[in-house]
Structure formats: structure tokens, C-alpha cells
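Student: predicted model follows, preceded by the sequence.
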Amino acid sequence: MDENKEVNSTDPKREKVRVIPLSAIDDAPDHPFGVRDDEEMAELVESISTFGVINPVIVRKGEGERYELISGHRRKYACAKLGIETLPVIVRDLSREEAIIFMVDSNLQREHILPSERAKAYKMKMEALKRTAGRPTKNNSPPMVEKSGKTSREIVGEQSGESQDQVRRYIRLNNLIPELLEDVDMGKIAFRPAVELSYLDAEEQKDLSYYIDEGEATP
């Protein structure tokens, strides 16, 4: 999907669009989705160069005159590459947990997501849902977990089209050491074996990573 053509969950025509400097927009902390200079980015840069930013990015107010980017990291990066100094934004009044949930949901629409990105995103969303349980949201609506009567893992699974078990498996990948997780992203280690390897302790994983590199073999 061309991110410059994605449709936001709320019609931007009904929300005030502001134009602010790129320099005033900070990336979301621990953003789980990487921004890569790949073919899709080249297409996005070309699109913005020709048509501008069609859909405003979503931000929330930070400290002072700063803003935190929730959705639109690729558009921001593309504008920076083109030397564009401002960005159209919609400022939403969201709590930290609401911002995490929105960020994860909007980015899961991407066509190409690495296993490590999905693993971190599912974990972040599940933890955000747990923190909101029993606590009203910023707009005073009932928490998603409480309102549905389901567990946070069930909600993450249903909203991402995955089973509870598959969500659990992805979250287990966060227990892999960086070297093995990179091997999963590169396709050197298949998903199911990677989940099983996540139950090894760090030293065992380091030994395994060494033998994989030396023997050019994978589990």
C-alpha cells in the first residue's frame, strides 16, 4: 500500500488540519516499525514529490511546542528526504496507551512487516490494553478490555486477524537475542523453530547463533 494514499480511521475533513515544521515532530518512543529505504519508500517519495502529502499524519501534543508522531513515520521520512520542511498534521488528544494502540493498528496495514516488528507491536499493544483495563480512557469511554469482556491477547488477535496462540508465538520472539531475531527477519530461521528457540536462555541462544554462523546451518 502506498502510505501516501492510506485512509485514516477518522475522516480528516472532519478534523482540523494544521501545518507544522518537521523539526517540531518527534518519533514515537520505541516505535516498532522500521522505516526503510526500499522500493516502497522510493514510490512514496515520488508520490509526495508529485502530489504532496495527501493524508495528514497523526500526532499528539508533547511538551512545550513539541509533537509526538503516532502515524505517518514513513511520510515524515520521505518529506525529510525531499527537503520539505513542514508537514500537514491532525493533533489528537490521546493518552500514551491510546496512542500506542492507534500506532500499532495503523501500521499493521502495511504490506511488508518483519516478524520482529510484528512481535514488538503485538507486545506493545497487549501491554497498553492491560494498562487501560479498569481505567477510563481520555475521552471517558470504557476501556477496550473491560468493555469487551475479553483478554488483551484475544483483542489483539481478533483485531489483527490472528489466533490467540499465534499472537502468543509472535510475542515469544521478543525473548530471542538480537542475532537470532535478525536471522528470523532474514528468513534464515523459520517462524515455528524460532518460537521454540525463544525458550532457551541467553547463553544457550548465543552458543546456537555461533554454531549457525560457523556451520551455515539453521534449526
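Tutor: Yep, it's here.
Student: which helix or strand lies directly C-terminal to the helix or strand of the chain with the lowest mean pLDDT?
Tutor: Within the chain, confidence by mean pLDDT, DSSP states H and E is lowest for helix 144-148 among all helices and strands, at a mean of 56. Following helix 144-148 in sequence order, the next helix or strand is helix 152-160 (DSSP states H and E).
Student: touching the lengthiest helix in the chain from outside, list them.
Tutor: Longest among the helix segments of the chain by residue count, using DSSP state H, is helix 115-132. The contact list for helix 115-132 (Cβ atoms under 8 Å, 6 or more residues apart in numbering) reads 30, 32-34, 95-98, 100-101, 104-105, 107-108, 113, 143-145, 152-153, 155-156, 160, 167, 170-174, 181-182, 184-185, 191, 194. No exception for glycine: its C-beta is placed from N, CA and C like everyone else's.
Student: just the buried ones from those residues?
Tutor: 32-33, 95, 97-98, 100-101, 104-105, 107-108, 113, 143-145, 152-153, 155-156, 160, 167, 170-173, 181, 184-185, 194 (16 or more other Cβ atoms under 10 Å).
Student: can you classify Arg60 as helix, strand or coil?
Tutor: Secondary structure assignment for Arg60 (DSSP: H, G, I helix; E, B strand; the rest coil): strand.
Student: list the buried ones in stretch 163-170?
Tutor: Quick answer for stretch 163-170 (16+ other Cβ under 10 Å): Gln166, Val167, Arg168, Arg169, Tyr170.
Student: tell me the mean pLDDT for it?
Tutor: In this model, stretch 163-170 has a mean pLDDT of 95.
Student: tell me which residues touch the residue nearest to Arg168 when sequence neighbours are not counted, please.
Tutor: With Cβ to Cβ, 6 or more residues apart in numbering as the criterion, Arg168 has its nearest non-adjacent residue at 6.6 Å, and that residue is Arg153. Neighbour list for Arg153: Met126, Gln164, Val167, Arg168 [criterion: Cβ under 8 Å, 6+ apart].
Student: isn't the second one right up against Gly157?
Tutor: Yes. In terms of Cβ atoms under 8 Å, Gln164 counts as a neighbour of Gly157; the distance is 4.9 Å.
Student: do I have it right that Leu176 meets Ala194?
Tutor: Yes. With contacts counted by Cβ under 8 Å, Leu176 reaches Ala194, the gap being 6.6 Å.
Student: any shared contact partners between the two?
Tutor: Common contact partners of Leu176 and Ala194 (Cβ under 8 Å, 6+ apart): Val184.
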